[in-house]
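Asks: I need the structure of the sequence given here:
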Amino acid sequence: MSSIAYAALWVFVFAIPWEKILALPGLAIVARLTGGTALALTIVAVVLAGRIRRLHWFHLAAVLFCIWAGIELMLFHFGDRLPYKYFTYGQLLLVLWMIWELAATEARLRGLLTAFVLGSYVAAFETFRVYRRDVGALRRFAAGGLDGNDLAMVLALALPMAWYLGMTYRQPLLRWMCRAYIPVGVLTIGLTGSRGGMLATTVALSIVPLSMTRLSPGRLMTAVLMLGAAGVLAVTYVPETVIERLATTQTEVQGGRFGGRGKLWRAGLAVFPEHPVFGHGTGSYKSAITPKLGPAAQVAHNSYLSVLVEQGIVGFLLYMSMFAAVVVSVLRLPRLERRFALVLLGALAVAMFPLTWEDRRPVWFVLAALIGFAHMHIAQRGKTPPPAPARPVVASRPPRAVRR
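Replies: A predicted model of the protein is given here:
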């Protein structure tokens, strides 16, 4: 039963990068169907097994964060309709638990990373289709139903996953399928025209030079060819209008505009002192800054500031404790896995900076997968039997004289 539940979880992770392609207004059909199926099968598998894995303190931090968000709503917004964002946090807690419960081996964790990479292929190919259809009408391209910035960040997160899997898989088909994602992902990120996505991609691709010490001459040549192919495809197919937009990244950063986000961030910092401990409430960033910006008010477009303003300093510390738990754990991984995990975390940190992503599935999936990797390797290291003690050397006795 565990294998069936894991298969359903694999499909759920596979759908994460492209779930909004098939969606009704306000309802992600694919996520609801695959996630609900995976949860039901996981509960059945746990009941039949009669045991639950002991949770990590990472999970405790996630539970406390969700509890704190609920306490804040009850204290200051009692009687109001609970925001959808709060229910999303509850669903994400269940995702953390399913991954922890079902993906307890290295093979299963790699399988989930592979599912994410394959799902990114789906989003990338759909973006290519949009590009071929609307190349003369659009300046930026993204698969139907997906925001270009969101898509770019998701595809950037898949880059270090694909590179790590391409280095560690022994099956040639899986290895080359993962390697081939590098040029595909880079090209698609270029088509989105996302400046934040370009920065996240730069961090994500740092896994290549950081892992070159483990590459044989043949694999080193493969790496060079893959990066070269990515560059050639980007130069050939990314429209000039998109390249001009990407070239303004430094100007936007230096001018403090960040694509129009600067005013939203300044307004958030201005209203934070009004409720520094408990925050303004889950999903209330836009309403909190409306007195400052009026109709121009939007969501934070910065995950860290969004949590700080909505949940207060206590909720912010609990949320960041999840990341701290992952960082502390992955530092104990072997060299290759440690570098992969830190690069993936770095790309995630960059992706969350210009987007309101604190309640998005890619963030919580990455954290859950990395904490699973770290715990698995630590447990395996603890189970390694100690070397057998050396036997004492006994001096051989001289032969007794034979009495006659």
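Asks: when you work out contacts or count neighbours from here on, use the C-alpha atoms and nothing else.
Replies: Noted.
Asks: look up phi and psi at residue 59.
Replies: Backbone geometry at residue 59, expressed as degrees, to the nearest 10, gives phi -70, psi -40.
Asks: so where's the stretch 201-350 of the chain uncertain?
Replies: 213-227, 229-259 (pLDDT under 70).
Asks: how does it look with 50?
Replies: Within the stretch 201-350 of the chain, the ranges that satisfy pLDDT under 50 run 252, 254-256.
Asks: so how far is stretch 349-368 from its chain's centroid?
Replies: Distance of stretch 349-368 from the chain centroid (CA atoms, centre = their mean, to the nearest Å) equals 6 Å.
Asks: and residue 347, what element?
Replies: helix 335-352 (DSSP states H and E).
Asks: next: residue 278.
Replies: Per DSSP H and E: residue 278 is located in neither a helix nor a strand.
Asks: burial measure for it, as a count.
Replies: Using other CA atoms under 10 Å, residue 278 has 23 neighbouring residues.
Asks: go ahead and confirm it touches residue 314.
Replies: Yes. Using CA atoms under 8 Å, residue 278 is in contact with residue 314, at 7.0 Å.
Asks: any shared contact partners between those two?
Replies: Counting by CA atoms under 8 Å, 6 or more residues apart in numbering, residue 278 and residue 314 have no shared contacts at all.
Asks: ok, residue 147 to residue 21 distance?
Replies: 10 Å (CA to CA, to the nearest Å).
Asks: between the two, which one's more packed in?
Replies: residue 21 (18 against 14).
Asks: now the more buried one: how far from residue 164?
Replies: Applying CA to CA to residue 21 and residue 164 gives a distance of 27 Å.
Asks: what segments of the stretch 101-250 of the chain are helices?
Replies: Assigned helices in the stretch 101-250 of the chain, in chain order: 106-134, 148-168, 172-192, 195-204, 207-210, 217-237, 240-246, 249-254 (criterion: DSSP state H, counting those that start in this stretch).
Asks: out of those, which comes closest to residue 39?
Replies: helix 106-134 (15.5 Å; CA to CA).
Asks: on contacts alone, who are the packing partners of that closest one?
Replies: Secondary-structure packing of helix 106-134 (3 or more CA pairs under 8 Å, 6 or more residues apart in numbering; DSSP states H and E): helix 2-15, helix 148-168, helix 172-192, helix 361-383.
Asks: list the contacts of the longest one.
Replies: Counting by CA under 8 Å, 6+ apart, the neighbours of helix 361-383 from elsewhere in the structure are 16-17, 58, 92, 95-96, 99-100, 103-106, 109, 112-113, 154, 322-323, 325-326, 329-330, 332-333, 341, 345, 348, 357.
Asks: generate a ChimeraX selection restricted to the buried subset of the residues you listed.
Replies: The ChimeraX command for the buried members of the contacts of helix 361-383 (criterion: 16 or more other CA atoms under 10 Å) is given here:
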select :16,17,58,92,95,96,99,100,103,109,112,113,154,322,323,325,326,329,330,333,341,345,348,357
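Asks: CA atoms of stretch 170-177 as CSV?
Replies: In CSV, the C-alpha atoms belonging to stretch 170-177 read as follows (Å, rounded to 0.1, in the frame of the first residue of the first chain):
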residue,chain,number,x,y,z
ARG,A,170,23.2,5.2,-13.1
GLN,A,171,20.6,4.5,-15.7
PRO,A,172,21.7,6.2,-19.0
LEU,A,173,18.2,7.2,-20.0
LEU,A,174,17.4,8.9,-16.7
ARG,A,175,20.8,10.5,-16.6
TRP,A,176,20.6,12.1,-20.0
MET,A,177,16.9,13.1,-19.6
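Asks: from the chain's centroid, how far away is it?
Replies: Offset of stretch 170-177 from its chain centre (CA atoms, centre = their mean): 23 Å.
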